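# Just a sequence and a predicted model for now, questions to come.
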Amino acid sequence: DTEVTQTPKHLVMGMTNKKSLKCEQHMGHRAMYWYKQKAKKPPELMFVYSYEKLSINESVPSRFSPECPNSSLLNLHLHALQPEDSALYLCASSQSDRATNQPQHFGDGTRLSIL
Amino acid sequence: AQTVTQSQPEMSVQEAETVTLSCTYDTSESDYYLFWYKQPPSRQMILVIRQEAYKQQNATENRFSVNFQKAAKSFSLKISDSQLGDAAMYFCAYRSGFNTDKLIFGTGTRLQVFP
């Protein structure tokens, strides 16, 4: 069982829809991450939250909007996505951004398809 | 900038045999951490093993061990007594020891295990 829970597992949406991806962890981790992963490729970092504040934005288009309501939750709001945004979206958490020897723990991901 | 290279896109091994996956990296830093993650078709990225660069002793986790050659910037993963459940995509990853959240992934090696 994964300690990082992502919902939904699958999402199909049109280009004009608004949807949100959710991520939750109860390990007391203070750093949380969003990654995008295309098929047969490594994950690409999108955003990092450290102590509920956005610390890294990897030049992600504004149609992706992250939110960290508290230390256990991380959301990714989606609006006006493009077909090329279809991918697996992975959430991860780690103890903190300063504990560099601590691994990131990943969720199962949300498989997103844009019609 | 740091880079991670996995030169074997695919590998295969017979059940109960041993296989080694290669990973090399490039960095000018002295303090860093290296990880091997496994991603089965179920999608979750699972930490297999990690190595601190300042430790000379190679990390071992049950059937998984690494051959860490710091001078050669090599970090290979050895899987002993391979099992069908080891079939997955394996990613090597680098993390700087200087207060950064970024995991830099290699392109991955797909491991097939044959009965």
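Right, received. Where do you want to start? Residues are numbered from 1 along each chain as shown, chains lettered A, B, ... in the order given.
# Identify the bridge partners of the nearest residue to residue A:84 once chain neighbours are set aside.
Counting by Cβ to Cβ, 6 or more residues apart in numbering or on different chains, residue A:84 lies nearest to residue A:114, which is 8.0 Å off, once chain neighbours are set aside. For the C-beta atoms, the positions are set from N, CA and C on the backbone; glycine is no exception. Beta-bridge partners for residue A:114, by DSSP bridges, are residue A:13.
# pLDDT wise, what is residue A:114 at?
pLDDT, residue A:114: 93.
# The spatially closest residue to residue A:44 that is not a sequence neighbour - how many residues pack around it?
Leaving aside its chain neighbours, residue A:44 sits nearest to residue A:36 (5.1 Å; criterion: Cβ to Cβ, 6+ apart). Around residue A:36 there are 20 other residues, counting by other Cβ atoms under 10 Å in any protein chain shown.
# Was I right to think residue A:36 contacts residue A:46?
Yes: using Cβ atoms under 8 Å, residue A:36 is in contact with residue A:46, at 5.6 Å.
# what pairs with the residue positioned nearest the centre of chain A across the strands?
The centroid of chain A falls nearest to residue A:34 when counting by Cα atoms, centre = their mean (2.8 Å). Beta-bridge pairing of residue A:34 under DSSP bridges involves residue A:47, residue A:91.
# In contact with it, which residues?
For residue A:34, the contacting residues are A:23, A:45, A:46, A:47, A:64, A:66, A:74, A:76, A:89, A:90, A:91, by Cβ atoms under 8 Å, 6 or more residues apart in numbering or on different chains.
# Angles on the backbone of the second one, please.
Yep, that's residue A:45 we're talking about. Phi and psi for residue A:45, reported as degrees, to the nearest 10, are phi -70, psi 140.
# Find the nearest non-adjacent residue to it, please.
Spatially, and ignoring its direct neighbours in sequence, residue A:45 is nearest to residue A:58 (5.3 Å; Cβ to Cβ, 6+ apart).
# Report the contact partners of that neighbour.
Residue A:58 touches A:44, A:45, A:46, A:47, counting by Cβ under 8 Å, 6+ apart.
# Could you pick out the buried ones from those?
The neighbour-count test (16 or more other Cβ atoms under 10 Å in any protein chain shown) marks A:45, A:46, A:47 as buried among these.
# buried stuff in the worst-scoring helix or strand of chain A on mean pLDDT?
Sorted by mean pLDDT, DSSP states H and E, the helices and strands of chain A end with strand A:53-57, the least confident at a mean of 90. By neighbour count on 16+ other Cβ under 10 Å, the buried set for strand A:53-57 is residue A:56.
# Same check on stretch B:1-13?
Across stretch B:1-13, burial judged by 16+ other Cβ under 10 Å covers B:4, B:6, B:8, B:11, B:13.
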